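Trainee: I'll drop the sequence and a predicted model, then ask my questions.
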Amino acid sequence: MGQRIRRWVQFALEDELGTLSHAEWVIYWTIVLTPVWWLLGIQTLLYPLLTLYLVVQGFNFDRVISQKLPTCVYAWLFMSLIAISLALMTLADMGLPLGKLMSPIITFLKGYFLIFSGFIIPFWHRVRVKVVTRAICWMAFGYAVTIAFQAICLYGRLWKDPIYPPLAKLIPGDKLSLLIKPAVFQKFFGITLPRTSIYMADPPIPGICGLLCYFMCRGEGNDRIRFAGVLGSVAALIVSQSRLAWVCYPISVLVVACFCQPLARLSSLWSMTGISVMSAWLGMTIKEMISQPMEVFTSARAESSADRALVVGKTLEAWQQSPWFGWGITQGSVKWHIYDIALGSFSSYASVLYHQGIFGFAIFTFALTSTLWNMGQLAIRGNLAACRAIAALLALYLLLEGLPLTWVAVYFWFFFIWLGAILSEAWDHRSIVPDWQHCN
């Protein structure tokens, strides 16, 4: 029986993936064993420390001096340095209070530096796209298993109260994001449906992970494993009840089709023509035609939309008091019913303006666009993985309107390693200068 199951899933790594490098082995099993880190309560610290370890291990002065890298790698490095520098400068003005010093450092490690690490690791280690893709398929299938278990507990009323993981008590600070929470019933468009955050802190985050995993799993060569990964990705997207993720999914699929199929490109042109004709026939502007459906999506959870609008509005008001370089760290909150919500808790774009100001926002915008540009160059040359990456990136950029990147990036850290692996496999690895030792 065991051999039959093993043969059905073709789990043996050496059969298709070959011998794994040390970095591939670490990344593969860290991704596959995601449920274990969730149950232990160490995932939000493990992933930043893991990527930091691989960056330190792969660092080589000759390589840094001579290696040519994509523009987006430098952009994310610059963004991470800007964020930590402005935060430390703000704390220096306060006298470097020890109680507030750890927060920006942890945010730095699990935010922009984590993104930079994901991009640079495949250039400093051998990390193949197919290895990362296989691991993500198994992890996504784990989403489906976890959702099924939580659904059984929900309908059977077997698990009602959230629990703290064993190691959560050892981690300082707010532990709400580490809670292991059961699924709950929640109304969505007036229909009561199960909703769960799976391994993450908030239900919309599985919507992001499910959408990103869908495009990554599509690149798996093994049909059975690809089906398992896609199944788990779609399941995570459904139970998240994320309105914006549901809108981004068909748009992203259309983007991939436009790169891969000439008929889809022609259809998109005719669609825009049809929208313009319909707009003129109805006597409505295109903006009005878009705003009407969005009102329906807003009404799906009106209280959540009002919550987000309030916090984003107050965040932008606070940013205007320090427009150029921002506040560096979070220094205010908004009262919502009985809760105090920190400024910058929603919308990545409002958060960057608030924390790093116009200067940081310009760097952030450059990092986003340069990543899209580097992937676009590969996609135009027919790289199918890059086409899927563009669709995933566009969806992510839209989804960041609802959640701050520095908070949610740790939950899909593998996505940036996947992007880095795509760039690394197609990149020109010739040195731009000789090795440093040749100058002796």
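Mentor: Sure thing, it's come through.
Trainee: quick one, phi/psi of residue 403?
Mentor: Dihedral angles of residue 403 (phi, psi; degrees, to the nearest 10) stand at phi -140, psi 140.
Trainee: ok, now which ones touch residue 249?
Mentor: Listed by Cβ atoms under 8 Å, 6 or more residues apart in numbering, the contact set of residue 249 reads 211, 214, 237, 395. Every C-beta, even on glycine, is put in place using the N, C-alpha and C of the backbone.
Trainee: hmm, 7 Å instead?
Mentor: Residues near residue 249 by Cβ atoms under 7 Å, 6 or more residues apart in numbering: 211, 237.
Trainee: so where do the helices sit in the stretch 251-400 of the chain?
Mentor: 262-282, 286-300, 302-319, 348-380, 384-399 (DSSP state H, counting those that start in this stretch).
Trainee: Quick check: which element contains the residue nearest to residue 142 when sequence neighbours are not counted?
Mentor: Leaving aside its sequence neighbours, residue 142 sits nearest to residue 35 (Cβ to Cβ, 6 or more residues apart in numbering; 5.5 Å). For residue 35, the host element (DSSP states H and E) is helix 34-40.
Trainee: Buried residues, that helix. List them.
Mentor: Neighbour-count burial for helix 34-40, counted by 16 or more other Cβ atoms under 10 Å, picks out 34, 35, 37, 38.
Trainee: Correct me if wrong: the first one contacts residue 139.
Mentor: Yes. The pair formed by residue 34 and residue 139 meets the contact definition of Cβ atoms under 7 Å, at 5.1 Å.
Trainee: if we can go back for a sec, identify the farthest-apart pair in the buried residues of helix 34-40.
Mentor: 35 and 37 (7.5 Å; Cβ to Cβ).
Trainee: quick one, what contacts residue 132?
Mentor: 27, 414, 417, 418, 421.
Trainee: Spatially nearest residue to it, not counting backbone neighbours?
Mentor: Here the residue nearest residue 132, using Cβ to Cβ, 6+ apart, is residue 418, at 4.9 Å.
Trainee: That neighbour in helix, strand or coil?
Mentor: Following DSSP: H, G, I helix; E, B strand; the rest coil, we place residue 418 in the helix state.
Trainee: State the distance from it to residue 149.
Mentor: Distance of residue 418 to residue 149, given as Cβ to Cβ, to the nearest Å: 27 Å.
Trainee: ok, these two, which is more surrounded?
Mentor: residue 418 (30 against 14; other Cβ atoms under 10 Å).
Trainee: Please enumerate the helices of the stretch 101-250 of the chain.
Mentor: With DSSP H, counting those that start in this stretch as the criterion, the stretch 101-250 of the chain has helices at 112-124, 129-156, 204-217, 223-240, 243-260.
Trainee: Looking at these, which one is packed in the most?
Mentor: helix 204-217 (a mean of 27; mean count of other Cβ atoms under 10 Å).
Trainee: Extract the residue ranges of this protein that are flagged as low pLDDT.
Mentor: 1-15, 98-99, 171-175, 188-190, 259-306, 336-339, 428-440 (pLDDT under 70).
Trainee: swap the cut-off to 50 and go again
Mentor: Applying pLDDT under 50 to the chain flags residues 5, 8-11, 14, 263-280, 282, 284-291, 439.
Trainee: is it true that residue 402 touches residue 346?
Mentor: Yes. Counting by Cβ under 7 Å, residue 346 is a contact partner of residue 402 at 6.3 Å.
Trainee: got any residues that touch both of those two?
Mentor: residue 308.
Trainee: The nearest residue to residue 179 once chain neighbours are set aside: how many residues sit nearby?
Mentor: If you skip the residues right next to it in sequence, residue 179 has residue 162 as its closest partner in space, 4.4 Å away by Cβ to Cβ, 6+ apart. For residue 162, the count of nearby residues is 11 (other Cβ under 10 Å).
Trainee: show me what contacts residue 162?
Mentor: Contacts of residue 162 (Cβ under 7 Å, 6+ apart): 179, 180, 181, 182.
Trainee: Relative to residue 330, how far out is residue 178?
Mentor: If you measure residue 178 against residue 330 using Cβ to Cβ, the figure is 20 Å.
Trainee: ok, now how distant is the residue nearest to residue 132 from residue 392?
Mentor: Residue 418 is 9 Å from residue 392, by Cβ to Cβ.
Trainee: OK, contacts around residue 32?
Mentor: 135, 138, 139.
Trainee: Now with 10 Å, please.
Mentor: Neighbour list for residue 32: 134, 135, 136, 137, 138, 139, 141, 142 [criterion: Cβ atoms under 10 Å, 6 or more residues apart in numbering].
Trainee: tell me the contacts of residue 160?
Mentor: 153, 154, 182, 184.
Trainee: and those residues as a markdown table, adding distance to residue 311?
Mentor: Below are the contacts of residue 160 laid out as a markdown table (distance: Cβ to Cβ, whole Å):
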| residue | distance to residue 311 |
| --- | --- |
| 153 | 32 |
| 154 | 29 |
| 182 | 27 |
| 184 | 23 |
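Trainee: between those residues, which is nearest residue 93?
Mentor: Closest approach between those and residue 93, by Cβ to Cβ: residue 184, at 43.2 Å.
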